[in-house]
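Chemist: attaching a predicted model along with its sequence, questions to come.
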Amino acid sequence: MEPYEIALLVAVVVGALGYSMWSGRKETAAISQVRENLGGEGNNIDVEGTTVNVRYKMVGATNHKSALTWFTIATPSAPAGTLRRKPVPRMGDGGTKKLIAESVRTGDVEFDDRFLITTDDHPAWLGYLTPDRKQALLELLEGFDRVKIEEGQLVAELSRVERDPAKVEASAKLAGAAAKRLALSR
């Protein structure tokens, strides 16, 4: 490599790291401000007695176009298996079509059209998904790009890094309220 190529490469790497660190501070500042308003510790925000963990997750390269904002809440009452927003099958995507075909059907057309449940225990999910729980999950889709329950956790995702503290707080409250309804509904 020529010296000017090395210098250019170093400049690009240093610039990317600097931007990443600057962006990280802005992101952390948003979570910190919301935590100060509502209470909590670290990335955990207290939403009316429900702990909502807020974090930024990079997917793929360090490009912010591939970053997510995750809101995670423990949901210990959920049965084993996975509930997630139903993917749109693509041409030639037999795996997704098979998953959709094998998914638990609740009999609620709106819910079944929007969620996919994979489990070995169909009766447990049918018992768990009361009308109020289904409504809480459907409402989450209004404020989040992806929603899933897996391994005892509710995860609500925004497909962007949210730096506005007011929007982070509103999303945390929405996720916390839904988690509370999922835990309390019978």
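Modeler: That came through, no problem.
Chemist: what's the neighbour count on Glu157?
Modeler: 19 (other C-beta atoms under 10 Å). Placement of C-beta: from N, CA and C, glycine included.
Chemist: that one in helix, strand or coil?
Modeler: strand (DSSP: H, G, I helix; E, B strand; the rest coil).
Chemist: from Gly40, how far out is the closest residue to it other than its chain neighbours?
Modeler: Leaving aside its chain neighbours, Glu157 sits nearest to Arg146 (4.1 Å; criterion: C-beta to C-beta, 6 or more residues apart in numbering). In this view, Arg146 and Gly40 are 23 Å apart by C-beta to C-beta, to the nearest Å.
Chemist: more neighbours, those two?
Modeler: Neighbours per residue, other C-beta under 10 Å: of Arg146 and Gly40, the larger number sits with Gly40, 20 against 16.
Chemist: residue contacts, that one?
Modeler: Counting by C-beta atoms under 8 Å, 6 or more residues apart in numbering, Gly40 touches Asp46, Thr51.
Chemist: numbering from 670 from now on, please.
Modeler: Done: numbering now begins at 670, and the last item shifts to Gly709.
Chemist: now for the nearest residue to Glu717 once chain neighbours are set aside, how many residues are close by?
Modeler: In space, and not counting its chain neighbours, Glu717 is closest to Gly845: 6.4 Å by C-beta to C-beta, 6+ apart. Residues near Gly845, counting by other C-beta under 10 Å, number 23.
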